[in-house]
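Engineer: let me see the structure of the following:
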Amino acid sequence: MADILPIIETMEHRWMRAWVGGDLRTLKALTSRNFRLVIGSKPCVILDAKSFLDAAASRFECSSYRFGNVYAHDLSSIAVFATQMDLQATIEGQDFSGQLWLTDVWRKTQVRRKWRMVERVLSRLENNPQIPAAVRALQLWR
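Structural biologist: As a prediction, this is how the structure comes out:
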């Protein structure tokens, strides 16, 4: 089985470049009809595919992004991609820039076997430097 990371990372960059460039045709082609964007806020908010694609045209704009260390997990016809991301974006004119944690779920379509993003979760990063070390201490496989 081929390593999924370069495949999904390429799809991620295509998706993000389409958003930054306002290329709604490419963005729509890479996004599943049952896509959900979950923003980890208080309270949590969700956008469906139609709402996100409409907003990406003018009201939820991304001007730049940069991925940090990336992680991908192959689950056959499903792939999970996760990374830290520096994002420059606005939502309805409100600044939504900063360092975020991004988790995306991609699924291969049944007929054409093309990857489509089905879910994206964006949340703020944990800034307490002691948390990663504490979680690593819980790992049984060390």
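Engineer: scan this protein for its longest helix.
Structural biologist: As assigned by DSSP state H, the longest helix anywhere in the chain is helix 4-21.
Engineer: average pLDDT for that one, rounded please.
Structural biologist: Per-residue confidence for helix 4-21 averages out to 96 on the pLDDT scale.
Engineer: what comes up buried for that helix?
Structural biologist: Neighbour-count burial for helix 4-21, with 16 or more other C-beta atoms under 10 Å as criterion, is recorded at Ile4, Ile8, Met11, Glu12, Arg14, Trp15, Met16, Ala18, Trp19, Val20. In this view, the C-beta of every residue, glycine as well, is placed from N, C-alpha and C.
Engineer: what is the nearest of those residues to Leu140?
Structural biologist: Minimum separation from Leu140 among the buried residues of helix 4-21 (C-beta to C-beta) is found for Ile4, which lies at 25.0 Å.
Engineer: list the contacts of stretch 117-125.
Structural biologist: In this structure, residues lying in contact with stretch 117-125 by C-beta atoms under 8 Å, 6 or more residues apart in numbering are 11, 15, 30-32, 34-40, 84, 87, 98-107.
Engineer: show me the shaky parts of this protein.
Structural biologist: Per-residue confidence for the chain (pLDDT under 70) gives these ranges: 1-2, 126-127, 142.
Engineer: okay, helices next: where are they in it?
Structural biologist: Across the chain, reading from the start of the chain, the helices by DSSP H fall at 4-21, 24-30, 49-56, 130-138.
Engineer: could I get the ones you listed as TSV with distance to Leu75?
Structural biologist: Conversion of the helices of the chain to TSV gives the following (distance: least, C-beta to C-beta, whole Å):
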stretch	distance to Leu75
helix 4-21	9
helix 24-30	19
helix 49-56	21
helix 130-138	22
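Engineer: how about the ones you listed, which one is nearest Tyr71?
Structural biologist: Each of those has some distance to Tyr71 by C-beta to C-beta; the shortest is helix 4-21, at 8.1 Å.
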